[in-house]
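Enquirer: Pasting the sequence and the predicted coordinates here, then a few questions.
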Number of protein chains: 2
Amino acid sequence: MTSFDVAKRAGVSQSTVARVFARPALVAEATRNRVSRAARELGYVPSAIAGGMRNQRSGLVGVVVPAQGEYWQSVISAFARQVGEGSRQLLVTTFRDVQAVEGAIQSISRYRLDGLVLASSTIGVGQISRLTQPNHAVVAFNQPAAAGIAPLVTVDNQGGAAALARHLIELGVKSAAFVGGVSSASTDQLRYRGAVEQFGAREISLPYIEAGSFTYDAGYKIGANLAEVGRIPDALVVAADEIAFGVIDGLRRHGVSVPGDVRVTGFDGVPQSAWEGYGLTTLVQPIEQMVASVLQLLSLSAVDQIVTIEGELRIANTTRGETSHG
Amino acid sequence: MTSFDVAKRAGVSQSTVARVFARPALVAEATRNRVSRAARELGYVPSAIAGGMRNQRSGLVGVVVPAQGEYWQSVISAFARQVGEGSRQLLVTTFRDVQAVEGAIQSISRYRLDGLVLASSTIGVGQISRLTQPNHAVVAFNQPAAAGIAPLVTVDNQGGAAALARHLIELGVKSAAFVGGVSSASTDQLRYRGAVEQFGAREISLPYIEAGSFTYDAGYKIGANLAEVGRIPDALVVAADEIAFGVIDGLRRHGVSVPGDVRVTGFDGVPQSAWEGYGLTTLVQPIEQMVASVLQLLSLSAVDQIVTIEGELRIANTTRGETSHG
DNA sequence: CAATCTTATGAATACGTAGTCACGATTTCC
DNA sequence: GGAAATCGTGACTACGTATTCATAAGATTG
């Protein structure tokens, strides 16, 4: 089913059929209707493959994201929504291991993407530079380490963590610990730095505890461990909501009350954090806005562009009430 | 950057370059290495666009999914993972309104998909038949109404709901209600039917309450309403986990204990249902297995194929303990 | 050593589109 | 009323690949 078939049925040339779909204003109304009807009857839709070939633009935006995690699923959804609103389509590639990223990007690059979005702070920076070649534009998403190599859109990790820390300090917290996901992740580092600076200014030390991954289970183990050991600080600053849910459940399972015995904060603002079952105080990332920025940046091509977007502190149950000190 | 550029650099013809990537065994090892190196140096990757044109197959699998909901996000992830394992790529399109589906499918069909997966029980059946044309294969996912029109992979909704109902009956439940999402959804209907048959056999009526959407908020309102009105049955069979989380929180907010005052079951088995904060008894859909089935079915082309996959009853906190009657 | 088979490569081609150019038919304008 | 501008359409082409066919060189066989 090609434009030639439609042309034959409508009694026009292929050129005219193509025009009807690409620049309808150039075709006389009568002809246009005739062609449209023929196309409808035959179930014809122009091939984006052939069109992409002709125009040197695929109409595809690719996004490379970690395979797991609430947060990333929200990000995928946001991209799907916003990309779909334009006339473009979204190609989604997920990866489990960082080693798999390279291959994933190669495969996806074959589609000569109009834009490629690299998400996840664990993608190696070295890999990025090689990819700008086959694709039209590359933008890094929440990957601070990519600054300078590719245009970057990121939430203000450090500022957000600082806001959370200040909130805890105002509550009268006298001791705290930071629960990170993976210490090599640049987001993890920035969030820790943001928190540690605030606590440090009040001469409160902030030990770093590494969960090992950004998952509920990893958090659960940390929570359970802390509860068993028994030396629980006034507050836990957790690097991500999903870890925080696990930490909270791990603590509660062992009889530690949140926020009674220990306040907990998250980061990301995934939907579940607003559910009353957890009511997690967190820093909400304005994902829709960040995604919109990414799509804008894809149109430009300033490699050194950095868009930092402020998150919003959302206070909920897990930091309600006074500390035992206050 | 085309195969001609690589050919020139390697001192061979374009044909040879193409062969190195498509059928390497046909090229002498020395030549192959020379070409590979040239390609690497130039950052060349064959264009899937041109290749798709030549081969009449895009290498793309499309999936059309509702824009919101934990469950659908998991489904997208599963598709991304499994499609990526092959040499194909995943095109994701989401929609908010059922009306938008038609347009979404049109746009996506332009890519001459090797396979198109239609997910969501709210996609109109009439729309399906029109789409088999431009795309190579169409499979419906969890959309029982599509049976006979397109190959279908679905969880056993009715059987799963029956299993949940029997579990509740064994606990000694004497009264119950069903909380549905959208009554016109075929999954909703089948789940209700599965539950109502079991309760009916014990002469327990099962009123249907419609939440209006498959969301936490819709569930929350139902839970809060029930608590305020005060006539709470022994058990609530909820059509989806996400609604159930809302129902539970809505009930608890108003002092109703789950599972103390009322047992609650969900459906889907989203990750959060296993988190201890809720510990929701639910019917776990083996999403990975279902997705694998879909990808298999895409290769065949038997329109009347129906694959029904059994879910797994997972019992957790929300149905623990005895009823006040038992 | 001649005849045949195998291996390695190159030339040519089709895939479906959207644009450029060319051309005839109107319409506009002085 | 004739020149010029406008409008509508068709013929032709390039986009980059993977394959088929042809061919040349090398290996194998009796």
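Expert: Done, it's in. Nothing here was measured: the structure is a model prediction, and the numbers come from that model.

Enquirer: near DNA strand C, which residues of the stretch 151-300 of chain A?
Expert: Within reach of DNA strand C by C-beta under 7 Å from any atom of the strand, the stretch 151-300 of chain A has no residues at all. For glycine as for every other residue, the C-beta is placed from the backbone atoms N, C-alpha and C.

Enquirer: low-scoring stretches of the stretch 151-300 of chain A, by residue?
Expert: Within the stretch 151-300 of chain A, no stretch has pLDDT under 70.

Enquirer: Let me see the ranges of the helices in it.
Expert: For the stretch 151-300 of chain A, the helices defined by DSSP state H, counting those that start in this stretch cover A:157-170, A:186-201, A:216-229, A:241-253, A:287-299.

Enquirer: Let me know whether the fourth one sits next to chain B.
Expert: Yes: looking at helix A:241-253 against chain B by C-beta under 8 Å from any C-beta of the partner chain, the contacts come from A:245-246, A:248-249, A:252-253.

Enquirer: what's the straight distance from one end of stretch A:61-76 to the other?
Expert: Counting by C-alpha to C-alpha, to the nearest Å, you get 12 Å between the two ends of stretch A:61-76.

Enquirer: quick one: that stretch to chain centroid distance?
Expert: When distances are taken as C-alpha atoms, centre = their mean, to the nearest Å, stretch A:61-76 is centred 6 Å away from the chain's centroid.

Enquirer: How about stretch A:234-252?
Expert: Computed by C-alpha atoms, centre = their mean, the chain-centroid distance of stretch A:234-252 equals 21 Å.

Enquirer: same deal with stretch A:166-174?
Expert: In terms of C-alpha atoms, centre = their mean, the centre of stretch A:166-174 is found 29 Å from the chain centre.

Enquirer: then stretch A:304-323 to PDB, C-alphas only?
Expert: In PDB, the C-alpha atoms belonging to stretch A:304-323 read as follows (Å, rounded to 0.1, in the frame of the first residue of the first chain):
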ATOM      1  CA  ASP A 304      27.400  23.600  27.200                       C
ATOM      2  CA  GLN A 305      23.800  24.400  28.000                       C
ATOM      3  CA  ILE A 306      22.800  23.400  31.500                       C
ATOM      4  CA  VAL A 307      19.300  23.700  32.800                       C
ATOM      5  CA  THR A 308      18.900  23.300  36.500                       C
ATOM      6  CA  ILE A 309      15.400  23.000  37.700                       C
ATOM      7  CA  GLU A 310      14.400  23.600  41.300                       C
ATOM      8  CA  GLY A 311      12.400  20.900  43.000                       C
ATOM      9  CA  GLU A 312       9.700  21.500  45.500                       C
ATOM     10  CA  LEU A 313       9.900  20.600  49.200                       C
ATOM     11  CA  ARG A 314       6.800  18.700  50.100                       C
ATOM     12  CA  ILE A 315       6.400  18.100  53.800                       C
ATOM     13  CA  ALA A 316       4.300  15.200  55.000                       C
ATOM     14  CA  ASN A 317       3.900  12.600  57.800                       C
ATOM     15  CA  THR A 318       7.400  11.300  58.000                       C
ATOM     16  CA  THR A 319       8.700  14.500  59.500                       C
ATOM     17  CA  ARG A 320       5.700  15.600  61.400                       C
ATOM     18  CA  GLY A 321       5.900  16.500  65.100                       C
ATOM     19  CA  GLU A 322       8.700  17.500  67.400                       C
ATOM     20  CA  THR A 323      11.900  15.700  68.100                       C
END
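
Enquirer: Could I get the buried residue list for it?
Expert: Residues A:305-309, A:311, A:313-314, A:316-319, A:323 are the ones in stretch A:304-323 that count as buried (16 or more other C-beta atoms under 10 Å in any protein chain shown).

Enquirer: Let me see the mean pLDDT of that stretch.
Expert: Across stretch A:304-323, pLDDT averages out at 89.

Enquirer: And for stretch A:29-44?
Expert: Model confidence over stretch A:29-44, given as mean pLDDT, is 95.

Enquirer: right, so the helices of the stretch 151-300 of chain A: which one is the most enclosed?
Expert: Comparing these by mean neighbour count (mean count of other C-beta atoms under 10 Å in any protein chain shown), helix A:241-253 ranks first with a mean of 26.

Enquirer: need the contact list for the closest residue to A:Ile287 other than its chain neighbours.
Expert: Using C-beta to C-beta, 6 or more residues apart in numbering or on different chains and skipping the chain neighbours, the partner closest in space to A:Ile287 is A:Ala78 (4.8 Å). By C-beta atoms under 8 Å, 6 or more residues apart in numbering or on different chains, the contact set of A:Ala78 is A:287-288, A:290-291.

Enquirer: Return the distance of A:Ala78 relative to DNA strand C.
Expert: Distance of A:Ala78 to DNA strand C, computed by C-beta to the nearest atom of the strand, to the nearest Å: 28 Å.

Enquirer: Thanks a lot, see you next time.
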